[in-house]
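Novice: no sequence for this one, just the structure:
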């Protein structure tokens, strides 16, 4: 290297260092970008959720070093059979003309497949997901897709996940296998919306699509996203809808100050040199449906989503959901690896449901970690750090290497289920979910706010013992709860906004609680707790929130999991597919108000968990009639319900806890 070249390299390195220093000064998002890029030492304590096996031997194989050098990319349109133009970005290893046929991973998003980075930041940032530079050199083609009506893609998008959007996956697969670099095998992957798309796209049953890794993705949009337990999750849906609306219409601005500082908006295709076509396409997105406005008035599962008939569409929550495609997904024969986290909103319910529904051919796997949505943080309340230590990308590639490259990575020499037990802070394996060792044990609501294994005494039934609770509509699980994580990941640099429940003990005054005596030994709860509440109410309808909590001898309260049910939706029904929990149809004709003086039974599923309650602590059930900062108010208006919770042998309110045998 000559002197001039050396001086240029030094100046370039100084400029790059200054640029990263500037980015790091931009606040939490900037710091996160610096850490991701490995530009500075991260002195935070390490996370405690490292994978259950030593990754070093596999990391050091030649498979991880196949194609060194900068990944090459191209951006183009694929024209669908109905004329819609779908924008895709294709990433290939360096010197593609010299390599053998490659398997392809596909990621379908509504958030903008790739962003065009402003100069001079484009010298160090690509605008593509960071992991592409890790995956592609290992011998994969990677295809990012703007689903129709989003990003740089044209086409109608009256609502999310329409059939036409899903059907595009078949034509995209056809294009991929026609390319000279394709080995004819395709895997689908993604987180959140992209994870949902990866699962639903299996339903097109293209023979080249042989495996999928849906991560942090729901199966039932109604029960796991918009209306858990029949109660509108207003804050979450409103935030998500606003975020997506901005991203879908982001020709040049995303609405996020940090992103706009670096990004010029979604990447146009290569042939669109002046972005004129992109601007026209984005202008056409203005007619896209507003998720919040549509779903807030579609209260029942079979409520017709308004505003669609005018555009030639007519469907409900029944059709507009991954669960609608279960039969076709099963017929695809594809292998599915579902990945989720204990604090992933209610999406984890769908994650375990997918495994349970399809786990009949030995191909499917399930991992549940102590994570928020997308595994941005380790959310175990007993972790020394919020930093996640596990590499989901690495585990995903073990799976795809087996199915797309026919390399025995050992992924099927293990049990199909791995889960992390919080409190014990330990990974565990099982042949099924929930583990066979998990056995339901009833704990009954008792006098003096006690929770006990002793069935109520029949001698006191004549007194119809009960507890009364007037709903406190200020009750809240906070602004940074499990529902918040779906739209806004916590910031490990700022504990004040970590996803969690740091002041849960202060909420107890707003709630009705039942607590066990201190435990004589450790107790592991792994599976799906189910609460049976026998109650009356002074209003025809109400929402009942139930929390499973861990209480210390000094009164500190640790949130574990929760469940919710709208009382008018209490009717139990036959499930439309195999389920691990009681099923409520949430159909309009199955709804029934509570009559004055009527005692009704509410069977409330709680979101699954694996948690070790320590010796010397207690288990608590807390009941509320509101979660004011997250869910809609039920009933609307000024009425304040009073619950009468019965706890006698005729009406024995209780919780069934899935306790692991020998869980000391």
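Specialist: Happy to help now that I have it. Since we're looking at a predicted model, the values are computed, not measured.
Novice: give the contact list for the residue nearest the centre of the chain.
Specialist: Geometric centre of the chain, nearest residue: residue 216, 3.1 Å, by Cα atoms, centre = their mean. By Cβ atoms under 8 Å, 6 or more residues apart in numbering, the residues touching residue 216 are 191-192, 195, 339-341, 344, 347, 351, 371, 373-375. Bear in mind the C-beta positions are built from the backbone N, C-alpha and C, glycine included.
Novice: and the gap between it and residue 129?
Specialist: From residue 216 over to residue 129 the distance is 15 Å, taken as Cβ to Cβ, to the nearest Å.
Novice: Over to residue 343?
Specialist: 23 Å.
Novice: These two: which is more packed in?
Specialist: More crowded of residue 343 and residue 129, by other Cβ atoms under 10 Å: residue 343, with 31 against 19.
Novice: before we move on, back to that, mind pulling up the pLDDT for the residue nearest to the centre of the chain?
Specialist: Residue 216 carries a pLDDT value of 95.
Novice: which stretches of the protein form helices?
Specialist: Secondary structure of the chain by DSSP state H: the helices cover 3-24, 28-36, 56-59, 132-135, 163-177, 193-200, 221, 234-248, 257-262, 276-284, 291-295, 326-332, 347-358, 392-405.
Novice: what ranges of the stretch 301-450 of the chain fall below the confidence cut-off?
Specialist: 310-312 (pLDDT under 70).
Novice: can you do 80?
Specialist: 307-314, 360-361, 387-391 (pLDDT under 80).
Novice: show me where it has strands.
Specialist: Per DSSP state E, counting those that start in this stretch, the stretch 301-450 of the chain carries strands over the ranges 335-341, 365-369, 417-421, 426-430, 438-446, 450-452.
Novice: And the last one, how far out from the chain middle?
Specialist: Distance of strand 450-452 from its chain centroid, counting by Cα atoms, centre = their mean, to the nearest Å, is 33 Å.
Novice: Number of residues surrounding residue 449?
Specialist: By other Cβ under 10 Å, the residues close to residue 449 number 13.
Novice: Quick check, it in contact with residue 513.
Specialist: Yes - using Cβ atoms under 8 Å, residue 449 is in contact with residue 513, at 5.6 Å.
Novice: how much space between residue 49 and residue 408?
Specialist: Relative to residue 408, and taking Cβ to Cβ, residue 49 is found at 26 Å.
Novice: of these two, who's got more company?
Specialist: Using other Cβ under 10 Å, the more surrounded residue of residue 49 and residue 408 is residue 49, with 25 against 9.
Novice: returning to that earlier point: and the residue nearest to the centre of the chain, its phi and psi?
Specialist: Here is the backbone geometry of residue 216 (degrees, to the nearest 10): phi 50, psi 50.
Novice: can you count the residues close to residue 626?
Specialist: Quick note: residue 626 (other Cβ under 10 Å) scores 24 neighbours.
Novice: Now for it: which residues touch it?
Specialist: Going by Cβ under 8 Å, 6+ apart, residue 626 touches 471-476, 543, 545, 633-634.
Novice: Leaving out the residues flanking it, which one is nearest to residue 73?
Specialist: Closest residue to residue 73 apart from its sequence neighbours, by Cβ to Cβ, 6 or more residues apart in numbering: residue 91 at 5.0 Å.
Novice: any idea how far the one you found lies from residue 81?
Specialist: 26 Å.
Novice: Flag the shaky bits of the stretch 551-664 of the chain, pLDDT-wise.
Specialist: 662-664.
Novice: Show me where it has its strands.
Specialist: Counting by DSSP E, counting those that start in this stretch, the strands of the stretch 551-664 of the chain are 557-566, 600-605, 609-613, 618-624, 642-646, 654-660.
Novice: How about the stretch 51-200 of the chain?
Specialist: 72-79, 85-92, 102-109, 115-117, 141-146, 182-191.
Novice: Beta-bridge partners for the closest residue to residue 647 other than its chain neighbours, please?
Specialist: For residue 647, ignoring the flanking residues on the chain, the nearest one in space by Cβ to Cβ, 6+ apart is residue 445 at 4.1 Å. Per DSSP bridges, the residues bridged to residue 445 are residue 451.
Novice: Surely residue 445 is in contact with residue 653?
Specialist: Yes - under the criterion of Cβ under 8 Å, residue 445 makes contact with residue 653 at 4.4 Å.
Novice: Tell me which of those two has more neighbours.
Specialist: Legend: neighbour count by other Cβ under 10 Å for residue 445 and residue 653, higher for residue 445 (29 against 24).
Novice: ok, back up a step: and the strands of the stretch 51-200 of the chain: which comes nearest residue 562?
Specialist: Among the strands of the stretch 51-200 of the chain, the nearest to residue 562 by Cβ to Cβ is strand 182-191 (22.9 Å).
Novice: strands paired with the closest one, and their directions?
Specialist: Applying DSSP bridges, one finds strand 182-191 paired with strand 102-109 (parallel), strand 209-215 (parallel).
Novice: Any chance of a markdown table for the strands of the stretch 301-450 of the chain, columns distance to residue 505?
Specialist: Shown next, in a markdown table, are the strands of the stretch 301-450 of the chain (distance: least, Cβ to Cβ, whole Å):
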| stretch | distance to residue 505 |
| --- | --- |
| strand 335-341 | 24 |
| strand 365-369 | 26 |
| strand 417-421 | 23 |
| strand 426-430 | 26 |
| strand 438-446 | 21 |
| strand 450-452 | 17 |
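Novice: Looking at those strands, which one is packed in the most?
Specialist: Stretch with highest mean neighbour count among the strands of the stretch 301-450 of the chain: strand 335-341 (a mean of 27; mean count of other Cβ atoms under 10 Å).
Novice: Does anything pack onto that one? Which helices or strands?
Specialist: strand 209-215, helix 347-358, strand 365-369, helix 392-405 (3 or more Cβ pairs under 8 Å, 6 or more residues apart in numbering; DSSP states H and E).
Novice: Now the longest one: buried residues?
Specialist: Burial within helix 392-405, assessed by neighbour count using 16 or more other Cβ atoms under 10 Å, is assigned to 392, 395-405.
Novice: So residue 570 is in contact with residue 585, correct?
Specialist: No - in this structure, residue 570 is not within contact of residue 585 by Cβ under 8 Å, at 10.8 Å.
Novice: Mean confidence (pLDDT) on stretch 488-503, please.
Specialist: On average, stretch 488-503 scores 66.
Novice: 38 is where my numbering starts, stick with that
Specialist: Fine by me, first position is 38 from now on; the one you just mentioned is stretch 525-540.
Novice: ends of it, how far apart?
Specialist: 20 Å (Cα to Cα, to the nearest Å).
Novice: Of all the strands of the stretch 338-487 of the chain, which one is nearest residue 561?
Specialist: Closest among the strands of the stretch 338-487 of the chain, using Cβ to Cβ: strand 454-458, at 6.2 Å.
Novice: And residue 422, how close does it get to residue 493?
Specialist: 44 Å.
Novice: More neighbours: which of the two?
Specialist: residue 493 (22 against 16).
Novice: you'd agree residue 238 is up against residue 144?
Specialist: No - with contact defined as Cβ under 8 Å, residue 238 does not reach residue 144; the gap is 10.7 Å.
Novice: where do the contact lists of the two overlap?
Specialist: With Cβ under 8 Å, 6+ apart as the test, residue 238 and residue 144 both reach residue 225.
Novice: more crowded one of these two?
Specialist: Between residue 238 and residue 144, residue 238 has the larger neighbour count (other Cβ under 10 Å), namely 31 against 21.
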